[in-house]
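**Student:** I'll drop the sequence and a predicted model, then ask my questions.
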Amino acid sequence: MAGSVALVGAGEFLPVMAAVDAELLASTGRRRPRVVVLPTASWPDGEEVFLRWAALGVEHFEGLGAEVEVVLVRTRPDADDAAHAQAVGEADLIYLSGGKPDHLLRTLAGSAVWAAALAANARGSVIAGCSAGAMVLCSEQARFRTPPRLPLGFEPGLGLVQGVAVLPHYDRFPETLAAVRIARAPRGTVILGIDEDTAAIGREGSWLVRGAGRVTVWRGRRSERHRDGESFRI
């Protein structure tokens, strides 16, 4: 059976997400799960930022009792490296942290590392993405320009979660702005507005909300909200 997918609105590697991540680790069924952290999305912000996210990921998951390896995929050649792909393929939990979604998508799409992640998930490993990481895991990815951070529309994502797009940090901007973004989504796409410090954990079409905030599910012009412990289907 394929493993779970966790879509996180924000808060990776922070204490507030420890209980959620502990639940993900427990779901692997391993006594000491092996975690791979991919801080790829943060690479455009510079080497210092990239390595800081890597170190935070190690500290966080080691504190939860996992064996942790950072796979330092900065650019596309790194994503096609055989050793990196092997490390990802052997993981019980693969975690894509936040940053720039466009860079993450360009780096992973069609790569050896992404093929290894898909194979691992098919055999039961968990794939988790936070913020930019959550956005790229879906079949549609919102595109923005800065400034003024208005949406350009949507483009195909990595497609692990079909028929879905994610708006992370959902509680940080007015819902009227969200409605403008959602109106640009391809017909039939379900939009998940995921608050910070909150995760939607999915498996075989069933989704469970975990964390401090809410997940707002948009189906066309209709929306529904779900809190910690509540479930929905896509």
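**Tutor:** Arrived safely, thanks for sending. The structure displayed is predicted, hence computed values, not measured ones.

**Student:** show me where the protein has helices.
**Tutor:** 18-27, 47-63, 76-79, 82-89, 101-108, 112-122, 132-136, 175-183 (DSSP state H).

**Student:** so which of those helices is nearest Gly211?
**Tutor:** Closest to Gly211 of those is helix 18-27 (C-beta to C-beta; 5.5 Å). Where C-beta positions appear, they are placed from N, C-alpha and C, glycine not excepted.

**Student:** run the chain-centre distance for the closest one.
**Tutor:** The chain centre lies 15 Å from the centre of helix 18-27; the measure is C-alpha atoms, centre = their mean, to the nearest Å.

**Student:** now the residue nearest to Asp78 when sequence neighbours are not counted: how far from Trp43?
**Tutor:** Nearest residue to Asp78, sequence neighbours excluded (C-beta to C-beta, 6 or more residues apart in numbering): His84, at 6.2 Å. His84 sits 14 Å away from Trp43 when distances are taken as C-beta to C-beta, to the nearest Å.

**Student:** Arg219 now?
**Tutor:** 35 Å.

**Student:** quick one, which of the two is more surrounded?
**Tutor:** Taking neighbours as other C-beta atoms under 10 Å, Arg219 and Trp43 compare with Trp43 leading, 21 against 13.

**Student:** wait, isn't the more buried one in contact with Arg76?
**Tutor:** No: proximity of Trp43 to Arg76 does not meet the contact threshold set by C-beta atoms under 8 Å, at 11.0 Å.

**Student:** who touches both of these two?
**Tutor:** Residues touching both Trp43 and Arg76 (C-beta atoms under 8 Å, 6 or more residues apart in numbering): Thr107.

**Student:** what about Ser4, distance to Pro15?
**Tutor:** 22 Å.

**Student:** more crowded one of the two?
**Tutor:** Each of Ser4 and Pro15 has its neighbours counted (other C-beta under 10 Å); Ser4 has more, 22 against 9.

**Student:** that one against Ser27, yeah?
**Tutor:** Yes: Ser4 is within contact range of Ser27, at 5.9 Å (criterion: C-beta under 8 Å).

**Student:** lowest average confidence, helix or strand, in the protein?
**Tutor:** strand 150-156 (a mean of 75; mean pLDDT, DSSP states H and E).

**Student:** ok now do the residue nearest to Asp171 when sequence neighbours are not counted, which residues does it touch?
**Tutor:** Spatial nearest neighbour of Asp171, chain neighbours left out: Asp195 (4.1 Å); criterion: C-beta to C-beta, 6+ apart. Contacts for Asp195 (C-beta under 8 Å, 6+ apart) come out as 9-10, 169-171, 211-215.
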